[in-house]
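Peer 1: Here's my sequence, what's the structure:
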Amino acid sequence: MEIKIKNLAKSYKKIKVLDNISLEIHNGVFGLLGENGAGKTTLMEIISTLQPFNHGEVEVAGINLKKNPEEVRKILGYLPQKFDFFPKVTLEEAFDYLCKLKGINDRETRLNEANVRLQEVGLLNERKKYIQELSGGMKQRFGIAQALIGNPKIILIDEPTVGLDPHERISFRNLITRISRDKIILLSTHIVQDIASTCKNLMVLQKGRVNYIGSTINLIDQVRGKVWLYNIMEDEIPQAELFVSLQDKGNSIEIRYIADSPIPGSIETDPTLEDAYIYINRKEISA
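Peer 2: Prediction:
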């Protein structure tokens, strides 16, 4: 099972939103990382057959997306960036309705599907609650449950942890990891930690162009030996190639920065995915 994308391009009028994207995605969680406006949602909507594209080829599980979009939809589950439902229906009623939209006409089959999927995301005991009573994390888990209807082999998840509190965010990441064992999950986000916690491989998009495709480990290795910590007084912030963060230590400020040649007195530290992400996007940051 794989998704193959070759020389994909998408423009709105004369503005290029995606510029010559090529990649292959296999089983597991694949991260799509980029700032808002990078083209992530457009790419997700193209793969989910919701948007046409101008140039290139997209193949999903051996099916040509442009020629057979209906066949692609049969094997896809999708959680869009903005997912909600009618507030005054119960979770159980909402799920039954969504099963009907997915073509499950037999009531007993719909009930069984609801029980299986809601159990899978830890919401079975909440099925009598109204949608308006659910927390943000519960709504996102409901979104995953509806994406799992029919047991699709490919699931697209767009910006799933925006607005969640730290506990809900961790729970959601764990859920994504758990359901990915025999599926392709394409996770789109601008939150670096979501990728670091769930994805072995990723693509970094910047203004519709690919900045990196490969493993998270190899990306982090690009900044190994270049990430430094340096303690200063508040009024002594020095010049550095690329600041990552400043942390108040009480009597001093600890700066974390990326540089080939460190400030004298700096201490080398282990790099993170956030360091690497900032580093490969540095031209845009410094422009």
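Peer 1: Domain map for this structure?
Peer 2: 3-220, 225-270 (the TED database).
Peer 1: Quickly, which of those bottoms out on average pLDDT?
Peer 2: The weakest mean pLDDT among the domains of the chain belongs to domain 225-270, with a mean of 85.
Peer 1: Over to it now: how far is its first residue from its last?
Peer 2: Length of domain 225-270, first residue to last, Cα to Cα, to the nearest Å: 8 Å.
Peer 1: The spatially most central residue of the chain: which element?
Peer 2: Centroid-nearest residue in the chain, with Cα atoms, centre = their mean: Ser188, separated by 2.4 Å. Using DSSP states H and E, Ser188 sits in strand 184-189.
Peer 1: Given that strand, what are its sheet partners and their directions?
Peer 2: Within its sheet, strand 184-189 is paired with strand 28-33 (parallel), strand 154-158 (parallel), according to DSSP bridges.
Peer 1: now those strands in JSON lines, with distance to Lys40 and mean neighbour count?
Peer 2: For glycine as for every other residue, the C-beta is placed from the backbone atoms N, C-alpha and C. Compiled in JSON lines, those are given as follows (distance: least, Cβ to Cβ, whole Å; neighbours: other Cβ atoms under 10 Å):
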{"stretch": "strand 28-33", "distance to Lys40": "5", "mean neighbour count": "24"}
{"stretch": "strand 154-158", "distance to Lys40": "7", "mean neighbour count": "24"}
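Peer 1: export those to CSV and tack on distance to Tyr230?
Peer 2: What follows is those, written out as CSV (distance: least, Cβ to Cβ, whole Å):
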stretch, distance to Tyr230
strand 28-33, 27
strand 154-158, 38
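Peer 1: These: which one's closest to Glu268?
Peer 2: Each of the strands paired with strand 184-189 was scored for nearness to Glu268 using Cβ to Cβ, and the closest is strand 28-33 (25.0 Å).
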